[in-house]
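Engineer: 3D, please:
(one chain, ligands or ions: 1)
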Amino acid sequence: MATAVETPSVTTTLPGPRSRPLLAAQARQGYAALSDPHGEVPFVMAAKRGSIIEDVDGNTYADHVSGWGATPLGATPERVLDAVSDAHRRYGLEISNYITSPPVIALAERLLELAPAGLTRYAPSMSGTLVVEAGVRFARRATGRPIILGFLGEYHGEGTYMTAAHSTDLSEVPSGSAQFVPGLVFAPYPNRFRMPFHRGAGPFDDTLTLDYVEDWLLVHQVEPDQIAGVLIEPVLTEGGVIVPSAAFWERLEELRRRYGWLLILDEVQTGIGRCGTLFGAELHRLEPDLLLLGKGFAGGGQPIAAVLGREGVLADADGGAGGTFAWVPAACAGALANLELIATGGVLENVAELEAIGKRELAPLVERHEQVGDVRVLGAMVGIEFVTDKASITPAPAFHYAVHQSLVRRGVLGMTQWGKWIYRLHPALNMPPELFAWSCAQVCEAVAEVAAAPPAEFRVVDR
Ligand SMILES: Cc1ncc(COP(=O)(O)O)c(C=O)c1O
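Structural biologist: All right, here's what the predicted structure looks like:
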């Protein structure tokens with residue numbers, strides 16, 4: 001998979017002279033969330049080739065965002081592009097809910113063939129937000145029960161119902177609407193590094209979160225037979241690459257079987273290769289009743305998402321997903337080409353190589369710097385958690401942000417948000433290992449640079 005690797009280069013101040021007026025125009029045109037007062041992404045993109053983004057000032061960056069997951073093979077494999085444009089020429093933007101076509105059926109066939117055992121049906125959709133909402137509807141319909149058990153710290157999108165209540169990662173959504181969303185109960189996401197009611201860093205036993213469910217939630221808040229299902233990501237993604245232990249999953253499974261709760265697995269971000277396996281479910285041999293796909297499933301082609309489900313959950317559900325733009329033929333053709341590339345094209349081997357490089361190059365940062373609390377690497381995901389000090393593990397958003405800004409100046413664009421303290425790298429699954437190793441070296445230098453003169457911190461709630 002190794003090719004001649006282009007090294008990123010930033011030669012102007014940021015934003016550069018051509019980017020500056022364009023960013024100012026967007027700030028005038030858009031709603032407030034589109035202005036970028038803290039300079040999160042201080043440039044305007046001109047083009048992307050593979051994993052390299054070029055801005056309108058001629059600067060180049062290694063892309064560790066990957067369209068927030070939607071371009072898992074960079075921009076964009078010819079096979080995906082050809083599949084999309086051929087299907088679009090042939091069928092147009094057709095409503096697949098009403099008039100189906102061969103690309104729709106071919107994609108469903110292959111997807112269900114590759115899916116975890118027992119998932120035999122699909123429902124079409126357009127985005128991660130919508131599949132979460134659909135998954136919840138299906139679980140309630142299948143069980144006749146009203147309540148969903150979710151986990152604090154997860155992010156499930158920007159809708160107004162389910163996803164609003166879950167958007168707990170500094171999104172603006174929950175502040176305005178979470179309190180108006182009934183039908184949900186929460187426990188903390190199982191996190192071995194940081195645990196409520198405990199000071200300092202773990203390692204903690206993350207099954208404590210299920211003690212809370214059994215000893216508090218089910219005693220004081222909700223009857224077990226009111227719960228339709230458990231909505232959870234196999235790995236906490238937006239919340240900072242947190243992988244629950246095998247013991248957590250075993251005990252969750254025990255509870256689910258005891259009380260008849262469905263498992264609704266949000267694989268919008270973990271699915272289609274991101275974890276180094278085709279599905280995150282494979283990491284702990286999970287057996288979901290519903291599995292939700294978006295982002296990387298589109299493969300950089302056209303927007304598309306899917307709910308996969310067991311016979312007993314989806315076979316009788318005569319509505320609850322879909323929409324005008326769901327599974328249009330071009331999106332299906334692109335997603336199928338992408339699935340083939342990832343399932344059979346040596347991509348997962350490349351992810352294993354990226355994971356090994358990430359662990360080797362970045363894990364030592366914890367020993368080197370007081371402010372690096374934890375480094376977590378899984379597949380093509382890296383989360384670096386910055387803290388003021390190792391004893392208190394108080395979040396260090398200012399330190400984190402300074403690292404991000406240093407990295408952008410060095411030509412590495414990762415995932416961040418003002419107020420967060422976990423920096424993430426999210427490379428394309430086929431990023432050349434040389435470019436990934438170069439990026440890791442830049443991360444190490446940027447952390448050392450900021451550690452030499454750490455900025456004053458602010459409290460996350462006061463941001
Ligand atoms: C785990 C997870 N679920 C759902 C969503 C929402 O997806 P979308 O942005 O396509 O609506 C996201 C988006 O980041 C996500 O990470």
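
Engineer: how about stretch 423-434: buried residues?
Structural biologist: Neighbour-count burial for stretch 423-434, counted by 16 or more other Cβ atoms under 10 Å, picks out Tyr423, Arg424, Leu425, His426, Pro427, Ala428, Leu429, Asn430, Met431, Pro432, Pro433. In short, each C-beta sits where N, CA and C put it, glycine included.

Engineer: now that stretch: average pLDDT?
Structural biologist: For stretch 423-434, mean pLDDT rounds to 98.

Engineer: do the same with stretch 72-92
Structural biologist: Stretch 72-92 comes out at a mean pLDDT of 97.

Engineer: can I get that stretch in PDB? Just the C-alpha atoms.
Structural biologist: The C-alpha trace of stretch 72-92 is given here as PDB (Å, rounded to 0.1, in the frame of the first residue of the first chain):
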ATOM      1  CA  PRO A  72     -12.400   6.300   5.000                       C
ATOM      2  CA  LEU A  73     -10.100   5.900   1.900                       C
ATOM      3  CA  GLY A  74      -9.200   9.500   1.400                       C
ATOM      4  CA  ALA A  75     -10.500  11.600  -1.500                       C
ATOM      5  CA  THR A  76     -11.600   9.500  -3.300                       C
ATOM      6  CA  PRO A  77     -10.900   6.000  -4.800                       C
ATOM      7  CA  GLU A  78     -11.500   5.900  -8.500                       C
ATOM      8  CA  ARG A  79     -13.600   2.800  -8.100                       C
ATOM      9  CA  VAL A  80     -16.000   4.600  -5.700                       C
ATOM     10  CA  LEU A  81     -16.100   7.700  -8.000                       C
ATOM     11  CA  ASP A  82     -16.800   5.700 -11.100                       C
ATOM     12  CA  ALA A  83     -19.500   3.600  -9.400                       C
ATOM     13  CA  VAL A  84     -21.200   6.800  -8.100                       C
ATOM     14  CA  SER A  85     -21.100   8.600 -11.400                       C
ATOM     15  CA  ASP A  86     -22.100   5.600 -13.500                       C
ATOM     16  CA  ALA A  87     -25.100   4.900 -11.300                       C
ATOM     17  CA  HIS A  88     -26.100   8.600 -11.200                       C
ATOM     18  CA  ARG A  89     -26.000   8.800 -15.000                       C
ATOM     19  CA  ARG A  90     -28.000   5.600 -15.400                       C
ATOM     20  CA  TYR A  91     -30.700   6.100 -12.700                       C
ATOM     21  CA  GLY A  92     -30.600   9.800 -11.600                       C
END
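
Engineer: got a list of contacts for that stretch?
Structural biologist: Residues outside stretch 72-92 that contact it (Cβ atoms under 8 Å, 6 or more residues apart in numbering) are 48-51, 63, 66, 101, 103, 272-274, 295-296, 299-302, 328-334, 336-338, 340-342, 347, 428-431.

Engineer: please narrow those to those residing in helices.
Structural biologist: 103, 329-334, 336-338, 340-342, 347 (DSSP state H).

Engineer: so which of those residues wins on neighbours?
Structural biologist: When neighbours are taken as other Cβ atoms under 10 Å, the top entry among the ones in helices among the contacts of stretch 72-92 is Gly334 (33 neighbours).

Engineer: gap between that one and the ligand?
Structural biologist: Gly334 sits 16 Å away from the ligand, going by Cβ to the nearest ligand atom, to the nearest Å.

Engineer: any idea of the pLDDT on that residue?
Structural biologist: pLDDT at Gly334 comes out at 98.

Engineer: the nearest residue to it once chain neighbours are set aside: neighbouring residues, count only.
Structural biologist: Closest residue to Gly334 apart from its sequence neighbours, by Cβ to Cβ, 6 or more residues apart in numbering: Gly301 at 2.2 Å. Close neighbours of Gly301, defined as other Cβ under 10 Å, add up to 28.

Engineer: Ser19 too?
Structural biologist: By the measure other Cβ under 10 Å, the count of residues near Ser19 is 21.

Engineer: per-residue confidence at it?
Structural biologist: pLDDT, Ser19: 98.

Engineer: how about it, phi and psi?
Structural biologist: phi -70, psi -40 (degrees, to the nearest 10).

Engineer: what does the domain assignment say about the protein?
Structural biologist: Split into domains by automatic domain parsing, the chain comes to 19-63+347-462, 78-344.

Engineer: turn the ones you listed into TSV, columns for distance to Pro8.
Structural biologist: As requested, these are exported to TSV (distance: least, Cβ to Cβ, whole Å):
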stretch	distance to Pro8
domain 19-63+347-462	3
domain 78-344	20
